[in-house]
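> Structure, please.
(6 chains)
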6 protein chains.
Amino acid sequence: MSLSRPSGRSASQLRHVSIQRSFTRHAEGSVLVSFGDTRVLCTASVDNKVPGFLRGKGEGWVTAEYGMLPRATHTRSDREAARGKQGGRTLEIQRLIGRSLRACVDRSLLGERTITLDCDVLQADGGTRTAAITGAYVALVDAVNGLLKKGDIKRSPIFGAVAAISVGIYRGVPVLDLDYAEDSDCDTDMNVVMNDGGGFIEVQGTAEGHAFRRNELDALLVLAEQGCTELFAAQQAALAE
Amino acid sequence: MSLSRPSGRSASQLRHVSIQRSFTRHAEGSVLVSFGDTRVLCTASVDNKVPGFLRGKGEGWVTAEYGMLPRATHTRSDREAARGKQGGRTLEIQRLIGRSLRACVDRSLLGERTITLDCDVLQADGGTRTAAITGAYVALVDAVNGLLKKGDIKRSPIFGAVAAISVGIYRGVPVLDLDYAEDSDCDTDMNVVMNDGGGFIEVQGTAEGHAFRRNELDALLVLAEQGCTELFAAQQAALAE
Amino acid sequence: MSLSRPSGRSASQLRHVSIQRSFTRHAEGSVLVSFGDTRVLCTASVDNKVPGFLRGKGEGWVTAEYGMLPRATHTRSDREAARGKQGGRTLEIQRLIGRSLRACVDRSLLGERTITLDCDVLQADGGTRTAAITGAYVALVDAVNGLLKKGDIKRSPIFGAVAAISVGIYRGVPVLDLDYAEDSDCDTDMNVVMNDGGGFIEVQGTAEGHAFRRNELDALLVLAEQGCTELFAAQQAALAE
Amino acid sequence: MSLSRPSGRSASQLRHVSIQRSFTRHAEGSVLVSFGDTRVLCTASVDNKVPGFLRGKGEGWVTAEYGMLPRATHTRSDREAARGKQGGRTLEIQRLIGRSLRACVDRSLLGERTITLDCDVLQADGGTRTAAITGAYVALVDAVNGLLKKGDIKRSPIFGAVAAISVGIYRGVPVLDLDYAEDSDCDTDMNVVMNDGGGFIEVQGTAEGHAFRRNELDALLVLAEQGCTELFAAQQAALAE
Amino acid sequence: MSLSRPSGRSASQLRHVSIQRSFTRHAEGSVLVSFGDTRVLCTASVDNKVPGFLRGKGEGWVTAEYGMLPRATHTRSDREAARGKQGGRTLEIQRLIGRSLRACVDRSLLGERTITLDCDVLQADGGTRTAAITGAYVALVDAVNGLLKKGDIKRSPIFGAVAAISVGIYRGVPVLDLDYAEDSDCDTDMNVVMNDGGGFIEVQGTAEGHAFRRNELDALLVLAEQGCTELFAAQQAALAE
Amino acid sequence: MSLSRPSGRSASQLRHVSIQRSFTRHAEGSVLVSFGDTRVLCTASVDNKVPGFLRGKGEGWVTAEYGMLPRATHTRSDREAARGKQGGRTLEIQRLIGRSLRACVDRSLLGERTITLDCDVLQADGGTRTAAITGAYVALVDAVNGLLKKGDIKRSPIFGAVAAISVGIYRGVPVLDLDYAEDSDCDTDMNVVMNDGGGFIEVQGTAEGHAFRRNELDALLVLAEQGCTELFAAQQAALAE
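Numbers count the residues shown, from 1 in each chain, chains lettered A, B, ... in the order given. Presented below is the predicted three-dimensional model:
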């Protein structure tokens, strides 16, 4: 089946990925990640406290918050702070980011501290949650390296790497890394979070139009594995700078 | 690998499923669904209005709300109405239920009306969201049949059936329909929503302990397909009464 | 004056009352109470903490929360958790339930623990608050008996029994236990909470149409005493099972 | 039984009642009512709109809001606006005030307008809700007279008068018009709202310590009737000025 | 330039200022301040606690809250407690009052206690925030004198006096102490908070119509100094009573 | 008096100012403004609606919202969307930005549309509100030029330019454009908003330590005028690109 993606990319082609460290200066980790026109600022903040349910257990916590600037999108959306609550989509995404990053952290090595990953979308063009997870991992590594350098912790609690990508069926063809034009017009949309050992951390597939068949699901998972492999390389390259 | 599930079930065995229609009398559809000790009251309410973004388009809407009675669980949890907001888990589940049910409805045939599926957990023992989806489908059919009988709509907007089941890897073995004892002690937890044509509507897998491998994912999907087949039969049996 | 109640009952006739214990299994007390078509699930939860204002005083606390499932009523009402606050009617009722049950508890014998009575209306047909009080008493007794059996307390803090019933003037005639059809069309509506020693705990009478005269009030109180007597018998019968 | 009330009053003696009209100048009715040291500012505001559920029905609405200045009481209480919600007690009281005043208004004669009675407690010494109802009636009359004078309505929608008083059993003796010292130390507390035709609009009795007997209730109602009679005279005197 | 102020006052003439102490009896300081028809009740409440950020530092805190009764104004405004939040204007004003009063308090002499200044507007006719600051100072002095008299503190933490006045350019002419008629029709509105040593604590000027020139600003500041001088005298006179 | 500013700047020296247009691509105007390390993203969004109070009057509206990313600051602050409300400081600043920008717009020429200026602080180092106003002006001009280009409006509603700067007394010396190190350690802090005709739009001066004298105020105003002059040049240079 021949395919014409709006961006001209091939079916298995990621958008240009850029991972810029130290984007702002106060946070212990601060990464501006771009998947094409999607730009997310991911900061990691270290706090020497843990939530109530962990107090006194000698373990740390890793959590995430997600936000979208009101005009990150084509039309302005309400500011959640002004509306007085975070929407369901926001809560769902920040829970996903938190769970995903905790999957590569040995919290007993972190000690009683919390690392909060704030992922704020400056510009949205599809795939903000996968960019956020991919960038937040780098911010997390920077924050942990800071703790190691200061001697606050002895061994890194991070094992492996975590990245995420979206895949979907666009006009009948499985494609990698949907942009907004594809996302708003696709039949199936799946976000896949993996570790660099080839394991799956989260698989969230949703049929937008028709239900997807098992063979479609299989094809999407193959594409996602391939995309994450490229993202792990991009993370390593950024961290090597 | 030999397996001993806390309930004594075999790996591919569902809990006892019961679907009781007309559990309460005011709602257009009212179903008490049980997956073992998990009991969810699903009501379908028809309203001759649609949300703002659909007004004047001649289409209907199907949406869901989810709640858990404070003492549905082992220890009492705060009442969300008293805390003043629904938690992230609640919002995530009710969004999932709504999307899942919309996947079997041709909203242009529904006319400008909204069907709200309220899924309230009376007793929780794992799998509340999958029981809710499975029961809400039956309540939705009852509500739509009421509209057909009254002549409010000419053709049923429902195509096919929708059911959901959880699968997971418990002590290394893929198992079907996790109860609470398994759910709180498993490595991977996946909720799968399917239609009766064998298509996937939602696949949401989360690694709780270690990341899951592709072959594990495959085994889980096979179990889920099998479980949903049994649920479609249970739905049809209930609707035939 | 001849009277025709919508239900065909006589003026001093209660609806069928049913009190089903152990309706759900997690709570220390769990009662499904029915006054005709009004069905309320009352659970009693024991927590080994007291609110701030009682900390360190060696006394316990008994409190109540009330909720109505969105489609317990003829037309669906908004879910309070989704609206972000409990309405005035809800707060008023749960304050009444809490005060009423505290009236039969010697809190110094309860020790520093809280018993929360959650009263959730599954189906409403008038009289939900009186059914809730009557059922919550039974759930409270079950929870206290559990504490006695475990040896957590030595003597029961419960003295006497508490029950509640509505009375009103329907088409000029004082009647007992208003159902929804009567409630929405009556001149005066009064809720009466009593103990089994014949004492009044709460009397809340409201003129809906015309103001009520002293002799009408007197007649209503007589009916209420009679209704509560029957309810105390029903509570004892349920507790004897 | 001999009695010594903290204030030195006899059992059936009201505190000094003062009703000052035109206390502030913007409202259509503005009354400062004092029952002894309890001082409540009651304003009546006319708005040419009705709530949604009445729109287009040609009827008016009368409603009330109640507030307590943070330091109206012995110790400062939190400002409800700062806490972000009105407490259960506040909602209960304002619902009572609204219902009570609606009991003397023929809303079809009011036309499609709303009269809001704001009752704000400047200083509290027991009986704020009964002072509020008694004062709000006078503010309501002033507002309605303004509408009549301007020709906005032809006939007064007000029939009869409404007043309210508290009664209780203090150290075994039924007394009229409890002040704070009595209220915080009494066995039974009852608020009674009456019209000037001798009818009861609301009777709300609560056993604080021991449950009250029928003969106690009867004695309290007699006291309340007597107190309301004096209040109707005070209202008329104020309106005659 | 000749000027005709709506009130007939000269350009540099304050409205009648009245400062009535002990207006209510529970608060440690209670002042009803009037600037013409603007009437604000200012209470000072002493609490033996400090906010979290000051705990254990041996310092006290002075803070303010501001409210407007719903019908203090020409048309009724929503009750902030009912809307569930304080508006931006309210927060802005109460922050200003708190900052202004802290400017005359040596908090290390206050000990670990908080004085809360509640400023509630009973009637508004322009200048509510300046009246509030001017009156709150007197309530603060009364509360501190109470602490001194009881021996709770040894030396007064108050140094100097604080007062506030508005100035503006009305129809081209700088005028003192704008009332509502002027305020809603002026080009520039400035609130000035001063101490009695001639120092400025706050200067907040806003161009409503055209931007103001430096010479206009200078003229306004001269007027404000003159107005504050009169207010300091009024405060002293009230405190001398 | 000799002065040593932490940054090494002279008393009347601005930080490096940068105004980068088209920083994001969806908004009608999108400006990243930097005053040294303070970086604020200002977007202008055009909406063809006006708030209720302006509907049908043929006028437009200009408003602003302000936010701070949680880790824009030295230590992470709570996300306002998660806390469920905007703080007093946020509301105060966004009201100031809105008023300031409205001061250069003839709203009758804008037609019935709203321009919303979202000012989100990516990195904070003092002076975020003045940077926001200065940058928002440029975003506003870009949005208005877009309307002119599309022919939606005939004449520009913008007259003149608006910019803002902070001034303060740092260690006894009046200085221009306080950074965080100075701001947290200064005696007086003043924000001045001006137009390019030399008029003042807002003057907000606060004594942090000791009250400021009239001659200090005068010196600060002179510095502010000088700073704004430089900012107008920077705005024009950016708009000329």
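
> what's the single longest helix in chain A?
helix A:214-240 (DSSP state H).

> how about it: buried residues?
Within helix A:214-240, the residues that count as buried by 16 or more other C-beta atoms under 10 Å in any protein chain shown are A:216-217, A:219-221, A:223-225, A:227-228, A:230-232, A:234-235, A:238. All C-beta atoms are positioned from the backbone trio N, CA, C, and that covers glycine.

> likewise stretch A:146-155?
Buried-residue list, stretch A:146-155, by 16+ other C-beta under 10 Å: A:Gly146, A:Leu147, A:Ile153.

> just the CA coordinates of it, formatted as PDB?
What follows is stretch A:146-155, C-alpha atoms only, in PDB (Å, rounded to 0.1, in the frame of the first residue of the first chain):
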ATOM      1  CA  GLY A 146      24.100  16.000  40.400                       C
ATOM      2  CA  LEU A 147      23.300  14.000  43.500                       C
ATOM      3  CA  LEU A 148      26.200  11.600  42.800                       C
ATOM      4  CA  LYS A 149      28.600  14.500  42.200                       C
ATOM      5  CA  LYS A 150      27.600  16.100  45.500                       C
ATOM      6  CA  GLY A 151      28.000  12.800  47.300                       C
ATOM      7  CA  ASP A 152      24.300  12.800  48.400                       C
ATOM      8  CA  ILE A 153      23.900   9.300  47.100                       C
ATOM      9  CA  LYS A 154      26.600   6.700  46.500                       C
ATOM     10  CA  ARG A 155      25.200   4.600  43.600                       C
END
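
> Please report how far A:Lys49 lies from chain C.
Look at A:Lys49 and chain C: by C-beta to the nearest C-beta, to the nearest Å, they are 22 Å apart.

> One more: A:Val173?
39 Å.

> hang on, that residue packs against A:Leu3?
Yes - counting by C-beta atoms under 8 Å, A:Val173 does reach A:Leu3; the two are 4.5 Å apart.

> Which strand or helix spans the one residue sitting closest to the centre of chain A?
In chain A, the residue lying closest to the centroid (C-alpha atoms, centre = their mean) is A:Ile133, at 1.6 Å. In the assignment (DSSP states H and E), A:Ile133 maps to helix A:128-149.

> Would you mark the buried spots in that helix?
Buried residues in helix A:128-149 (16+ other C-beta under 10 Å): A:128-144, A:146-147.

> quick one: pLDDT of A:Met1?
What the model reports as pLDDT for A:Met1 is 51.

> who touches the residue nearest to A:Ile133 when sequence neighbours are not counted in this structure?
Excluding the flanking residues, the one nearest A:Ile133 by C-beta to C-beta, 6 or more residues apart in numbering or on different chains is A:Ala164, at 3.9 Å. Contacts here follow C-beta atoms under 8 Å, 6 or more residues apart in numbering or on different chains; on that basis A:Ala164 touches A:Ser100, A:Arg129, A:Thr130, A:Ile133, A:Thr134, A:Asn191, A:Val192, A:Val193, A:Met194, A:Glu202, A:Cys228, A:Leu231.

> of all the buried residues of stretch A:146-155, which comes closest to chain B?
Nearest to chain B out of these is A:Ile153 (C-beta to the nearest C-beta; 22.7 Å).

> thinking the closest one is in contact with A:Leu110, fair?
Yes - the pair A:Ile153 / A:Leu110 is scored as a contact, 6.8 Å apart, by C-beta under 8 Å.

> Output the below-cut-off pLDDT ranges for chain A.
Scanning chain A for pLDDT under 70 picks out A:1-2.

> can you list the residues of it near chain F?
A:24-27, A:30, A:37, A:39, A:41, A:43, A:45, A:47, A:65, A:67, A:69-76, A:79-82, A:84-86, A:90, A:116, A:118, A:120, A:122-124 (C-beta under 8 Å from any C-beta of the partner chain).

> just checking: which of those also lie near chain C?
Counting by C-beta under 8 Å from any C-beta, A:Lys85 from those sit close to chain C.
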